[in-house]
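Visitor: need a structure here:
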Amino acid sequence: MLFQVVHCHPLADSYSHALFRAIVDTLEQRGHAVVASDLYRDGFDAAMSAAERRSYFQPAYDDRAVAALTALLRRVDGVIFCFPQWWFAMPALLKGYVDRVWAPGIAFAHGPRGGLRPLLTHLKVFGVVTSYGSPWWMARLVAGDPGRKVMMRALKPMCGRGVRSFYLAQYDMDRATARAREAFIARVRERVARL
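Guide: Presented below is the predicted three-dimensional model:
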């Protein structure tokens, strides 16, 4: 299959980047083709243009500035996101990617009564690999895990009902030991190897 792995972290020596490399390497070792989209190193611009916003509810979304990425999204068989949760949400750069690339006419169509109709029904896999500074109970029970909800209840449904999905999270990164971090990377490799 052809996978896009979308990574978002400013530091190339970060744990998030190590997770990104583990995902890409494992997919390639399993014989998949991979497009590694490292948003910071690719110089992605998160700011939505006036033309993009004006066209958001028009018959055709103006995706000229991100046409290569929207064409890729229409072509891949699977997408895996890799990023840290900051304030229980994706980094701003990744949010800009979602706003600009997972747009109307590409990821979804506006329904006549206000609902959304998925357009990425060709995707076979939707995955998320993420980390939280907080322990699981803080993210899930206290904050309600808004980052997970955005990925799994908003983006994943744009892929249609038949998509296979996974959500892997390393919690309590602020206190995680080297052993815990290594164990999570091994878990990620094992899950990705099954694709």
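Visitor: contact partners of the lowest-mean-pLDDT helix or strand in the chain?
Guide: Least confident element among the helices and strands of the chain, by mean pLDDT, DSSP states H and E: helix 136-137 (a mean of 86). Outside of helix 136-137, the residues that reach it under the criterion CB atoms under 8 Å, 6 or more residues apart in numbering are 169, 171-172. To be clear about C-beta, it is placed using only N, CA and C from the backbone, and glycine gets the same treatment.
Visitor: as TSV, these with neighbour count and secondary structure would be great.
Guide: Putting the contacts of helix 136-137 into TSV (neighbours: other CB atoms under 10 Å; DSSP: H, G, I helix; E, B strand; the rest coil) gives the following:
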residue	neighbour count	secondary structure
Ala169	18	strand
Tyr171	21	coil
Asp172	17	coil
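Visitor: now tell me what touches stretch 66-81 from outside.
Guide: Contact with stretch 66-81 is made by 1-8, 23, 35, 37, 63, 90, 94, 97, 100-103, 106-107, 120, 122-130, 151, 192, 195, as judged by CB under 8 Å, 6+ apart.
Visitor: sort out for me which of those are in strands.
Guide: In strands, judged by DSSP state E, the following of the contacts of stretch 66-81 are found: 2-7, 35, 37, 125-130.
Visitor: okay, which residue is most central for this protein?
Guide: When the chain is reduced to its mean C-alpha position, the closest residue under CA atoms, centre = their mean turns out to be Phe81, at 2.9 Å.
Visitor: how close does that one get to Val142?
Guide: In this structure, Phe81 and Val142 are 24 Å apart, going by CB to CB, to the nearest Å.
Visitor: quick one: mean pLDDT over stretch 150-162.
Guide: For stretch 150-162, the mean pLDDT works out to 93.
Visitor: so which bits of it are buried?
Guide: Within stretch 150-162, the residues that count as buried by 16 or more other CB atoms under 10 Å are 150-152, 155-160.
Visitor: same question, stretch 118-136
Guide: For stretch 118-136, burial by neighbour count (16+ other CB under 10 Å) applies to 118-120, 123-134.
Visitor: now swap in stretch 107-116 and tell me
Guide: Here stretch 107-116 shows 107-108 as buried, counting by 16+ other CB under 10 Å.
Visitor: please renumber so the chain begins at 55
Guide: New numbering, starting at 55: the last item is stretch 161-170.
Visitor: and it, end to end?
Guide: The stretch stretch 161-170 measures 10 Å between its terminal residues, going by CA to CA, to the nearest Å.
Visitor: run the chain-centre distance for it.
Guide: The gap between where stretch 161-170 is centred and where its chain is centred comes out at 21 Å by CA atoms, centre = their mean, to the nearest Å.
Visitor: do the same with stretch 213-228
Guide: Centroid separation between stretch 213-228 and its chain, computed with CA atoms, centre = their mean, is 9 Å.
Visitor: what does it rub up against?
Guide: Contacts made with stretch 213-228 from outside it, assessed by CB under 8 Å, 6+ apart, are listed as 69, 138-139, 172, 174-175, 177-190, 193, 202, 205-206, 210, 230, 234-235, 238, 241-242, 245, 249.
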